[in-house]
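> My questions are about this predicted structure, shown below with the sequence.
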Amino acid sequence: MNPSLTLHPGQMSLADLRAVWQQPVTVQLDAGARAAINASAAAIHAIVAKGDAAYGINTGFGKLAKTRIPDEQLEQLQRNLILSHSVGTGEPMSDATVRLVMLMKAASLARGYSGVRPVVIDTLLALLNAGVMPVIPVKGSVGASGDLAPLSHMTLALMGEGPVRVHGEIRPAAEALKAVGIAPLTLAAKEGLALINGTQVSTALALHGLFMAERLLDAGTTIGALCVDAAKGSDAPFDPRIHAARGQPGQIAQAAVTRTLLQGSQIRLSHMDNDERVQDPYSLRCQPQVMGACRDLIANAARTLLTEANAVTDNPLVFIDTNEVLSGGNFHAEPVAFAADTLALAISEIGAISERRIALLIDSTLSGLPPFLVDNPGLNSGFMIAHVTAAALASENKSHAHPASVDSLPTSANQEDHVSMATYAGRRLAEMADNTATILGIEWLAAAQGVDFHRPLGTSPRLQATHATLRAQVPFYDQDRLFAPDIEAARSLVLQGHATDGNGDVLAELWRP
């Protein structure tokens, strides 16, 4: 049985969104939301009955907004809108992302500014709860005027059109809806436009990037601390007085967590005195400065994306207190694009500093460990080319980190003359996160290898848990063997959040406001 969630429009938390991203959840709309929904729908009905022209209700769309549509063709207008705008391409979005899209669209419509009937929201949530996932191609939106193409593919499923995915199987929507007892929708005035006009796809893609960035920062913090011991680095750079003097909150939190992770290390105690090295390389001693800055970027992006997840972003909007329908531009996803661009910087940098630590460990002149972390080097190549893979991925992420938000191409015959590119900004985060997870996985392998070379001395009790999690799946690299499965195992552990096993309590301190 799936966990349950009561949807309070405008009041969703990051915990709510994260829960829906992680697994299927049964969502129920708060009964208190229905009054505003009904009033908004009634306002649209009154406009149609009165005969006044109103954008998207009884007119064409975009450049065709001056074309008046007869009342008897309003349902056909909405159907045509969805069919003509379903022009996405590329791979289908993951179920996790689609669940977020559907939840946020329902939450936005339920605020009572969009003029849709309650049945529209009820049907959307019914599909979500039944696990009937619209097949939404990942490409085809410029992030203004909303995510028109991908949200049209979502709306097709409500109408019983197009393909859906049920438990991983692609099926015709009409067949899948019939199987779970959901009646297809016939869209009324404005409902098609309300469904496809909005930033929910861009936001869902960026939220996926956010949740992965949080996971990567936690993993990078733990693995980076293990690397300090592997390289026999100093814990002096994590002294709280250094970080308090600067005052950056993420840096202060990062240093405190790293100190806790390293506390009690026998390896550290072994070189407290008479250590010939005066200072460690930046990739070790500047972890609080780099990872702390990443933490602050991630936290800032989280605030923006939570606001957007609760927002009303379609157009036009119905204000029932004054009985007005106002056209604006809340569909422009610039805030989401900026948030996604900053997440790209953080994800890239988490991987970049990790790659530098791998390079440090395999260089015996810096680390004091066997060349390329293997016995009998020469006969064995060890971690030589694993580092090359990490370097390739770190470099690739640098290209991906170029801001998407500075790009814009006019569309719709120059009516939509500045766009956000937020959908691409969010979409590329998934690949970047996968690249960084692989880099961190390689570093985890290298750091565990380095710690093993220091036996019988052991790392700290907390980092022994990190070491043991990896060693449960990947043994010590005693001689050359097929290396790719080791990297894949470590990468999967990072992606699944297991790099932090046993240390969740201390890592939670990173995210305290």
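Nice, thanks for sending it over.

> separation between Thr89 and His208?
19 Å (C-beta to C-beta, to the nearest Å). C-betas here are computed from N, CA, C, even on glycine.

> Please say which of these two ends up with more neighbours.
Legend: neighbour count by other C-beta atoms under 10 Å for Thr89 and His208, higher for His208 (22 against 9).

> What residues does the closest residue in space to the more buried one that isn't next to it in sequence make contact with?
Nearest residue to His208, sequence neighbours excluded (C-beta to C-beta, 6 or more residues apart in numbering): Thr97, at 5.5 Å. Counting by C-beta atoms under 8 Å, 6 or more residues apart in numbering, Thr97 makes contact with Trp21, Ala204, Leu205, His208.

> again with Arg428
Counted by C-beta under 8 Å, 6+ apart, Arg428 has contacts Ala344, His400, Ala404.

> Equivalent analysis for Gly146, please.
Contacts for Gly146 (C-beta under 8 Å, 6+ apart) come out as Ile196, Asn197, Gly198, Thr199, Thr313, Asp314, Asn315, Phe331, Ala333.

> Now render those as CSV, adding pLDDT and neighbour count.
Shown next, in CSV, are the contacts of Gly146 (pLDDT from 0 to 100; neighbours: other C-beta atoms under 10 Å):
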residue, pLDDT, neighbour count
Ile196, 96, 29
Asn197, 95, 27
Gly198, 96, 30
Thr199, 98, 33
Thr313, 97, 27
Asp314, 95, 28
Asn315, 92, 22
Phe331, 95, 21
Ala333, 95, 34
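
> Among these, which are located in strands?
Among the contacts of Gly146, the subset assigned to strands under DSSP state E is empty.

> circling back to that earlier point, filter the contacts of Arg428 down to the buried ones.
By neighbour count, with 16 or more other C-beta atoms under 10 Å, those hold Ala344, Ala404 as buried.

> ok, the contacts of Arg428 vs Ala35, which is closest?
Ala404 (39.6 Å; C-beta to C-beta).

> any idea how far that closest one lies from Lys398?
14 Å.

> now Val506
From Val506 over to Lys398 (counting by C-beta to C-beta), the distance is 31 Å.

> One more: Asn503?
On the measure of C-beta to C-beta, Asn503 and Lys398 end up 29 Å apart.

> wait, Met432 sits on Ala346?
No - using C-beta atoms under 8 Å, Met432 makes no contact with Ala346, being 9.7 Å away.

> Residue ranges in the stretch 101-250 of the chain under the pLDDT threshold?
For the stretch 101-250 of the chain, no stretch has pLDDT under 70.

> quick one: the helices in it?
118-130, 148-158, 173-180, 191-196, 200-230, 240-246, 249-262 (DSSP state H, counting those that start in this stretch).

> Same list, the ones you listed, but as CSV with distance to Phe372 please.
Listed next are the helices of the stretch 101-250 of the chain as CSV, based on distance: least, C-beta to C-beta, whole Å:
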stretch, distance to Phe372
helix 118-130, 50
helix 148-158, 46
helix 173-180, 53
helix 191-196, 54
helix 200-230, 14
helix 240-246, 33
helix 249-262, 25
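
> Which among the ones you listed is found nearest to Gln479?
Smallest distance to Gln479 across the helices of the stretch 101-250 of the chain (C-beta to C-beta): 19.4 Å, for helix 200-230.

> how big is the angle separating the closest one from helix 148-158?
If you take axes from the mean of the first three to the mean of the last three C-alpha atoms, to 10 degrees, helix 200-230 sits at 110 degrees to helix 148-158.

> Next, count neighbours for the closest residue to Val101 other than its chain neighbours.
Leaving aside its sequence neighbours, Val101 sits nearest to Ala204 (C-beta to C-beta, 6+ apart; 4.6 Å). If you count neighbours by other C-beta under 10 Å, Ala204 ends up with 33.

> wait, which of the contacts of Thr97 is closest to Trp511?
Trp21 (16.4 Å).

> quick one: which helix or strand includes that closest one?
helix 14-22 (DSSP states H and E).

> try Gln28
strand 26-29.

> What is the subsequent helix or strand relative to that strand?
Counting by DSSP H and E, the element after strand 26-29 in chain order, helix or strand, is helix 34-50.

> Please enumerate the helices of the stretch 251-400 of the chain.
Shown for the stretch 251-400 of the chain, the helices assigned by DSSP H, counting those that start in this stretch span residues 266-270, 282-285, 287-309, 334-362, 364-367, 384-400.

> Out of these, which one sits most buried?
helix 334-362 (a mean of 26; mean count of other C-beta atoms under 10 Å).
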